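J.: Return atomic coordinates for the entry below.
(one chain, ligands or ions: 1)
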Amino acid sequence: MSLFETNIFFNEEAYNKLKNYLLNEVYPIENTFILVDHCTYIHCLPILLSHINLLERSNVIKIKSGEKEKNIYTCIKIWKDMENLKANRNSLMINLGGGVITDIGGFVASVFKRGVRFINIPTTLLGMVDASIGGKTGVNLESIKNEIGSFNPPEFLIIDPIFLKTLPEKELISGMAEMFKHGLIADKNFWIDMKNNKNNKWDDLIYQSILIKNKIVEKDPKEKGLRKILNFGHTIGHALESYFMDSKKKILHGIAIAMGMVYESWISHKINGLSIEDYQEIKSILSGMYPLKKISDSEMDQIFSIMEHDKKNEMNKIQFSLLKEIGICSYNCQVPYSLIKESFLQRN
Ligand SMILES: NC(=O)c1ccc[n+]([C@@H]2O[C@H](COP(=O)([O-])OP(=O)(O)OC[C@H]3O[C@@H](n4cnc5c(N)ncnc54)[C@H](O)[C@@H]3O)[C@@H](O)[C@H]2O)c1
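T.: Numbers count the residues shown, from 1 in each chain. Model (predicted):
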């Protein structure tokens with residue numbers, strides 16, 4: 001196993017792994033810090049505690065829910081709480097929540113006293129299939145997404161789909177966008193399974209989706225090459241998410257990425273060989289689930305200027321990952337602004 005391949009355990013086996021890990025005699029754990037947000041404190045902490053009795057040596061640190069909390073000020077609050085509660089190098093952080101919690105918690109753990117161990121227990125679909133896997137941690141710098149962060153993989157990951165029972169439907173739909181992406185970039189059969197998933201049979205789809213991401217991350221942990229394909233839909237998607245973050249039209253991460261995938265599929269069709277049939281199929285499935293927003297000319301200019309600050313840019317050039325066909329993706333593609341603008345017009 002490579003350093004960045006995430007060790008993933010499912011359901012009951014996962015809780016047993018955690019129990020054994022807490023009894024680790026070689027690298028003892030003195031105390032645990034469970035990071036939760038407002039919702040996971042209510043809905044998920046009782047489930048975790050019903051599986052494992054952590055109370056004696058554990059502390060709960062609670063933050064508000066939502067992307068707006070993913071900033072350095074929240075980290076400072078958590079670091080202060082940890083300091084007051086006597087966290088040390090032998091502490092374990094348990095990040096119990098969606099992508100916001102696993103991103104912040106992983107980052108906080110990576111630098112507190114030069115690094116403490118942490119595990120992720122994702123409680124959203126997006127967290128399970130994407131955010132908690134692959135070692136990327138971090139926070140936003142004002143509206144610039146994930147600008148401050150580190151590569152720091154968790155000790156292991158616990159996947160328990162029971163948490164999804166309380167997740168609002170819009171969050172489930174948001175998480176599905178990254179699953180569709182996994183099919184589009186790497187596995188046509190998985191795309192077909194996702195397209196045909198009428199009964200919300202999550203367990204197997206979550207498992208397959210995790211395998212796709214983990215395999216890519218294992219081959220290229222620090223995103224020097226292949227891992228960039230996971231950014232399909234994200235160059236435009238992140239810019240949309242950042243642009244709308246502060247407005248009344250705020251959109252969820254997965255929804256922004258789904259829109260980004262439709263636009264970037266158009267660009268893929270124009271310059272990367274994606275057939276018109278594949279483009280139409282992608283657009284029809286994704287825009288059916290994720291209605292595309294109308295974007296005015298002035299909004300386009302602002303969204304483009306956000307892309308110019310994207311941390312994936314190289315030599316001042318905005319970098320795209322583009323599809324060749326469903327299941328095959330290229331990376332390091334450059335795209336003229338006129339074509340990005342044209343892609344936004346493919347709404348109808
Ligand atoms: N590190 C990575 O590789 C990576 C990859 C993809 C996305 N991300 C990041 O993930 C974040 C988005 O993650 P998200 O969509 O999970 O958002 P989130 O963490 O904000 O969770 C969404 C909402 O659901 C609530 N919630 C969580 N679990 C719940 C449950 N079981 N029941 C009821 N409510 C619950 C949360 O409190 C929150 O209000 C973004 O910041 C994005 O940048 C990171």
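J.: burial count for Asn90?
T.: Asn90 has 14 neighbours, counted by other Cβ atoms under 10 Å. Backbone N, C-alpha and C define where each C-beta goes, glycine included.
J.: Need the contact partners of the worst-scoring helix or strand of the chain on mean pLDDT.
T.: Ranked by mean pLDDT, DSSP states H and E, the weakest helix or strand in the chain is helix 297-307, scoring a mean of 88. Helix 297-307 is contacted by residues 143-144, 235-236, 238-240, 242-243, 295, 318, 337, 340-341, 344 when judged by Cβ atoms under 8 Å, 6 or more residues apart in numbering.
J.: Also compute the angle for the helix or strand just after it relative to helix 297-307, please.
T.: Toward the C-terminus, helix 297-307 is succeeded by strand 320-325 as the next helix or strand (DSSP states H and E). Calculated by axes from the mean of the first three to the mean of the last three Cα atoms, to 10 degrees, strand 320-325 forms an angle of 100 degrees with helix 297-307.
J.: Give me the helices and strands touching the helix or strand following strand 320-325, please.
T.: Counting by DSSP H and E, the next helix or strand C-terminal to strand 320-325 is strand 328-333. Helices and strands touching strand 328-333, by 3 or more Cβ pairs under 8 Å, 6 or more residues apart in numbering; DSSP states H and E, are helix 169-186, strand 320-325.
J.: In CSV, list these along with mean neighbour count and distance to Asn16.
T.: Output for the helices and strands packed on strand 328-333, formatted as CSV (neighbours: other Cβ atoms under 10 Å; distance: least, Cβ to Cβ, whole Å):
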stretch, mean neighbour count, distance to Asn16
helix 169-186, 23, 26
strand 320-325, 22, 38
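J.: Let me have these in a markdown table, extended by mean pLDDT.
T.: A markdown table is the format used below for these (pLDDT from 0 to 100):
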| stretch | mean pLDDT |
| --- | --- |
| helix 169-186 | 96 |
| strand 320-325 | 97 |
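J.: possible to save the ones you listed as a markdown table with distance to the ligand?
T.: Listed next are these as a markdown table, based on distance: least, Cβ to the nearest ligand atom, whole Å:
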| stretch | distance to the ligand |
| --- | --- |
| helix 169-186 | 5 |
| strand 320-325 | 14 |
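J.: Same list (the ones you listed) but as JSON lines, adding distance to Ala87.
T.: As requested, the helices and strands packed on strand 328-333 are exported to JSON lines (distance: least, Cβ to Cβ, whole Å):
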{"stretch": "helix 169-186", "distance to Ala87": "30"}
{"stretch": "strand 320-325", "distance to Ala87": "38"}
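J.: Of the ones you listed, give the one that comes closest to Lys77.
T.: helix 169-186 (24.1 Å; Cβ to Cβ).
J.: roughly how far apart are the residue nearest to the spatial centre of the chain and Ile210?
T.: Note on the chain: the residue nearest the mean C-alpha position is Ala131, at 2.7 Å, using Cα atoms, centre = their mean. Counting by Cβ to Cβ, to the nearest Å, the separation of Ala131 from Ile210 is 12 Å.
J.: okay, the residue nearest to Met245 when sequence neighbours are not counted: pLDDT?
T.: Excluding its sequence neighbours, the residue lying closest to Met245 (Cβ to Cβ, 6 or more residues apart in numbering) is Ser143, at 5.2 Å. The score at Ser143 is 80. That number is its pLDDT.
J.: neighbours around Ser143, how many?
T.: Residues within reach of Ser143, counting by other Cβ under 10 Å, total 14.
J.: do the same with Asn316
T.: By other Cβ under 10 Å, neighbour count at Asn316 equals 6.
J.: how about the residues of the stretch 1-150 of the chain near the ligand?
T.: 37, 39-40, 43-44, 65-67, 70, 97-101, 103, 123-124, 126-127, 130-131, 134, 136, 145-146 (Cβ under 6 Å from any ligand atom).
J.: Drop anything exposed from the residues you listed.
T.: When those are checked for burial by 16 or more other Cβ atoms under 10 Å, the buried set is 37, 39-40, 44, 65, 67, 70, 97-101, 103, 123-124, 126-127, 130-131, 134, 136, 145-146.
J.: for the chain, which spans come out with low pLDDT?
T.: Along the chain, segments meeting pLDDT under 70 span 1-6, 55, 199-200, 347-348.
J.: Now do the helices in the stretch 51-200 of the chain.
T.: Assigned by DSSP state H, counting those that start in this stretch, the stretch 51-200 of the chain shows helices spanning 72-84, 99-111, 125-126, 169-186, 188-195.
J.: what's the longest one packed up against?
T.: Helix 169-186 is packed against helix 125-126, helix 188-195, helix 202-219, helix 253-271, helix 276-289, strand 320-325, strand 328-333, with contacts defined by 3+ Cβ pairs under 8 Å, 6+ apart.
J.: can you pull the contacts of the residue in the stretch 201-348 of the chain positioned nearest to the ligand?
T.: At 4.3 Å from the ligand, His253 is the closest residue in the stretch 201-348 of the chain, using Cβ to the nearest ligand atom. His253 makes contacts with 67, 99, 126, 174, 241, as judged by Cβ under 8 Å, 6+ apart.
J.: for Tyr337, same thing?
T.: Residues counted as contacts of Tyr337 (Cβ under 8 Å, 6+ apart) are Phe304.
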